[in-house]
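*Asks:* sharing a model that was predicted from the sequence below.
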Amino acid sequence: MAGKSRKSARDKAQQEFVSEAEELLDRMRDDLSALAEASAAGRETPPATLNQLFRSAHTLKGSAGMFGHGLLAELAHHLEDILDRLRMGRATLGRPGLALLDESVSLAAVALEKVGRAEEAESLAEPITDLIGRIAAWEPPAAEAPGVSLQALDVPDGLLRALTEYEETRLRESLGRGRGLYVIEVDLDLASFEEALGELTRAIQEVGEVISTLPSPGAGNEASIRFLLLAASDLGGAELAARLELDAGAVRAARAPASMAARAPAPSAPAASAEPPEAEAATLKSLSETVRVDIKKLDELMNLVGELSRERTALRALTARLAADRASARIAGELDKIQRGLERKTQELQAAVLDVRMVPLRQVFDKLTRVTRRLRLDLAKDVRLELRGADTELDKLIVEQLVDPLMHLVRNAFDHAIESADERARIGKPAEGLIQIEATQRGHDVAVEVRDDGRGIDPEAVRARAIERGLVAADTPLTRKEIFDLLFLPGFSTKSEVTEISGRGVGLDVVRSNVAGLGGLVAVDSVPGQGTQVTLTLPITLAIIQALLVGAEDETFAIPLAGVRETLVVNASEVQRSAGRELLNLRGDALPVLRLAEEFGLRAVARDQKQYAVVLGIGDARVALLVDRLEGQQDAVIKPVQGPLRTLRGVAGATEIGAQTAVLVLDVSALVADAGKRREAKS
C-alpha cells in the first residue's frame, strides 16, 4: 500500500512538472514571436523579452534536472547559455540566432511529449546532441559594448549598488544609445502596491525601459510603501512624467551632462553570468493567483452539477405531486420555496463551473502565429496573418480539438492557395499575401472564419473532377454550395489535383470530421482569383447543456437547446415534396424535413396526423425535425454511449432525465449536415 502511495505521489509530481514545463514553453513561444516581429520590423530586440526567455529556460533546466529528465535539462541548459549571451549584450540575435532559439524550443516541446516513455525519449538523444553542437558552434557578430562611466550619474548610491550584472548591462546600453536616465520616486498604497507597481512598469515600458526597481525607506505613512525606479527613455523628464500621470517632482533626470559622461572602456564581464543569489531567490515566489486544474477534475465536477440538476428536477416533480393534494398543499408550498432556492444556487454553480472551463481562442491563435512564422521561412513566401476575436471564449476541450483543423487550413492556404511572389506580381496582387482568421460569437455558437486572398477555387473545375471520379452524374444539377461540399469527400484530391482546382481539396474531409466530432459544421465559399473562406461553426461548450426533450412513438430524445431555433405545430398539408425530398415552408424559407421516428427506425406516425416541428440550426443552416411530442426542458450532462450505438450517426451521447432513465442526445450538427445531402440521395 505504501509503495502504491509513493508511486501515486510520483505520478502526480510528474504531471505537475509536465504542466509547468508546458506553460514555460508556451510563454517562450510567445516571446520568440515578439522577437521575430521586432526583427522583421527592424526594431531593437526587446531586452525584457530576452530576459524573460532566459528566466524561462533557467526554470525549465532546473525543473527537468530535478525530475531526472537529463536530455531536456541539457537542452534547456544550452538554450539558457545562448540567451544569456544575447541578454547580456555579448552577441546579436540575427536570423541564425532566432532560428536556433526556435528550433531549441520546438525540440524541447517534443522531448516534453515523450516524458515517461523512456524508449521514445532515447530516440531524441541524437537530434538534441546535434542541436547542442550547433549552438556551441554558433559564432554571432559580437555586440559592441558601450563604454560609459556610471560614476558621474546622479543616482542614489543604494540604487547603483543594488544593480545586478544584467541591470548594469542594460544601463550602459541605454546610456550608449543616448537615452535619458531618470529616477522615479513613488509612494504606493500598501494593500495594492503590486498591482500599482505593475501598471507603472508597463506604462514605462511603452516609452522606454525599466532598468531597476528598489523599495526605499521614507514613505509618508504606514499605509504606503515607497519605490525608486531607474528608467531609461527617449522622452524628456516633463514629457515622461505627463505620460505616466505623475507629478513633475516624481521624475528626476539622472543622466550626467555630456561633458562629464566621458566614455570609458567597458569593464570585462565576470566569469559567472548568473544574477546574485538574492535576485535568484526573489524569483522563486509565485506572483500568479491562478491554480492549474486537471480538466478531468472539471469533468467530474460538471458531472456532479448534472446530478444536482437531475435531483432538482425530481424535487420539482415531487413538489407538484404534493401540491395536487389538499392535505399536503401547505407543505408543498414551503418545499417549493426551498426547491426554487436550490434551483437558483444550482444554476449559479453550473454557470461558475462552465466559466472555469472557458478559455480564450488566443491560445490557438498564438500557436498559429508560430506556425505562420515557420512557414514563411520554409516556403519563402511573404504572408501576413491577421487575427481577430482572440478573446472569444470556448470550452477548453473544444479549443484543444480545434488546433489541428485550423493549423491544417493555415498550412493549406500557405502551401497551395497563396500564389508565389512572381505570380502575384504578374496578376496585379500585392506581393504580401494575406490570411485572416476571425472568431465571433453568434448566440450559442462561435464562428471561426479562415480567409485568404489567394487563387481561390473554380467551382466548375471541382464539378468536372467530381464527374470524372464518378461522384456525381454529369446531368445532376448542383448548387454552388453543393459543389463546394464535394471538397469534403474523403480522398477527393491528390496534391497534383489540388493545383488543378486551386489548392483546397486536400484534407478537408479530416477537418470536417474533426469539427463534426465537436458538434460543429464546416462551410466553404470561394471566388476564383480572389480567395477562399472556410467557416467553422462550433458550440460554445459540450459539457452541461440545456436540453429540449421530445418524443417519437414511445421513445424520448434530448436535443441540445443551443441548436434549437424554434418549435411549432405542423399540419400534414404544410409539408410539401420537391425534387424527391420533403420541405416545410417557414415564412418563405423552404427547410428540409427530417422525421425523428423514421431516422431511428421507429414505427412512424401516420403522415396525416398533426406533429411538432423542431427547427434545428447551426450558423445559417437549418432543418425541420418532425416529432410526436414536446416534453419540456431540463439540464443535461452528455455522456458517451458504449456499445453498437457509439458510432450511430446523429447521436451525440446519452443523458439521464430521471431516476435510472437514460435517453439519447441528438447530434444537431450531423442532422443538419445530413439534411443537406438528402436531395441527391432521394433524386
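*Replies:* Structure received.
*Asks:* need phi/psi at the closest residue to residue 26 other than its chain neighbours.
*Replies:* By the measure of Cβ to Cβ, 6 or more residues apart in numbering, the closest residue to residue 26 outside its immediate chain neighbours is residue 366, 7.5 Å from it. In this view, the C-beta of every residue, glycine as well, is placed from N, C-alpha and C. When read as degrees, to the nearest 10, the backbone of residue 366 gives phi -60, psi -40.
*Asks:* hang on, isn't residue 366 packed against residue 28?
*Replies:* No. Under the criterion of Cβ atoms under 8 Å, residue 366 is not in contact with residue 28, lying 11.5 Å apart.
*Asks:* looking at those two, which is more packed in?
*Replies:* When neighbours are counted by other Cβ atoms under 10 Å, residue 366 and residue 28 differ, and residue 28 comes out ahead with 24 against 16.
*Asks:* check the gap between the more buried one and residue 649 for me.
*Replies:* Residue 28 sits 43 Å away from residue 649 when distances are taken as Cβ to Cβ, to the nearest Å.
*Asks:* returning to what we had before: ok, now which ones touch the residue nearest to residue 26?
*Replies:* If a contact means Cβ atoms under 8 Å, 6 or more residues apart in numbering, then residue 366 has 26, 29, 30, 33 as its contacts.
*Asks:* quick one: the helices in the stretch 401-550 of the chain, in order.
*Replies:* Taking DSSP state H, counting those that start in this stretch as the test, the helices found in the stretch 401-550 of the chain are 421-426, 459-468, 480-485, 495-500, 508-517.
*Asks:* by mean pLDDT, show me the worst of those.
*Replies:* Ranked by mean pLDDT, the helices of the stretch 401-550 of the chain end with helix 495-500 at the bottom, a mean of 41.
*Asks:* give me the nearest residue to residue 560, chain neighbours excluded.
*Replies:* residue 545 (4.9 Å).
*Asks:* the one you found and residue 563 touch, don't they?
*Replies:* No. Distance between residue 545 and residue 563: 9.4 Å, which falls outside the contact criterion (Cβ under 8 Å).
*Asks:* which of the three states applies to residue 373?
*Replies:* Put simply, residue 373 is helix when judged by DSSP: H, G, I helix; E, B strand; the rest coil.
*Asks:* now the closest residue in space to it that isn't next to it in sequence: how far from residue 611?
*Replies:* Counting by Cβ to Cβ, 6+ apart, residue 373 lies nearest to residue 36, which is 5.3 Å off, once chain neighbours are set aside. With the distance defined as Cβ to Cβ, residue 36 ends up 59 Å from residue 611.
*Asks:* equivalent analysis for residue 137, please.
*Replies:* Distance of residue 137 to residue 611, given as Cβ to Cβ: 76 Å.
*Asks:* show me this protein divided up by domain.
*Replies:* The record's domain split for the chain, according to automatic domain parsing, is 12-137, 157-255, 297-359, 361-539, 544-682.
*Asks:* straight-line length of the fourth one, end to end?
*Replies:* Spelled out, that is domain 361-539. Domain 361-539 stretches 13 Å from its first residue to its last (Cα to Cα, to the nearest Å).
*Asks:* again with the shortest one
*Replies:* Terminal residues of domain 297-359 are spaced 16 Å apart (Cα to Cα).
*Asks:* pull the distance from it to the chain's centre.
*Replies:* 33 Å (Cα atoms, centre = their mean, to the nearest Å).
*Asks:* give the next helix or strand downstream of the helix or strand of the chain with the lowest mean pLDDT.
*Replies:* Averaged element by element with mean pLDDT, DSSP states H and E, the chain has its least confident helix or strand at helix 277-282 (a mean of 36). Downstream of helix 277-282, the first helix or strand assigned by DSSP states H and E is helix 295-323.
*Asks:* now do that next one: which elements does it pack against?
*Replies:* Using 3 or more Cβ pairs under 8 Å, 6 or more residues apart in numbering; DSSP states H and E as the contact definition, the elements that helix 295-323 packs against are helix 329-357, helix 396-412, strand 544-552, strand 629-637, strand 651-658.
*Asks:* following element in sequence after the first one, please.
*Replies:* To tie it back to what came earlier, the one meant is helix 329-357. Per DSSP H and E, the first helix or strand lying C-terminal to helix 329-357 is strand 358-360.
*Asks:* residue contacts, the residue positioned nearest the centre of the chain?
*Replies:* For the chain, the residue whose C-alpha lies nearest the mean C-alpha position (Cα atoms, centre = their mean) is residue 363; its distance is 2.5 Å. By Cβ under 8 Å, 6+ apart, the residues touching residue 363 are 26, 399.
*Asks:* make sure it is indeed in a helix.
*Replies:* Yes. Counting by three-state DSSP, residue 363 falls inside a helix.
*Asks:* ok, it to residue 457 distance?
*Replies:* Computed as Cβ to Cβ, the residue 363 to residue 457 distance reads 30 Å.
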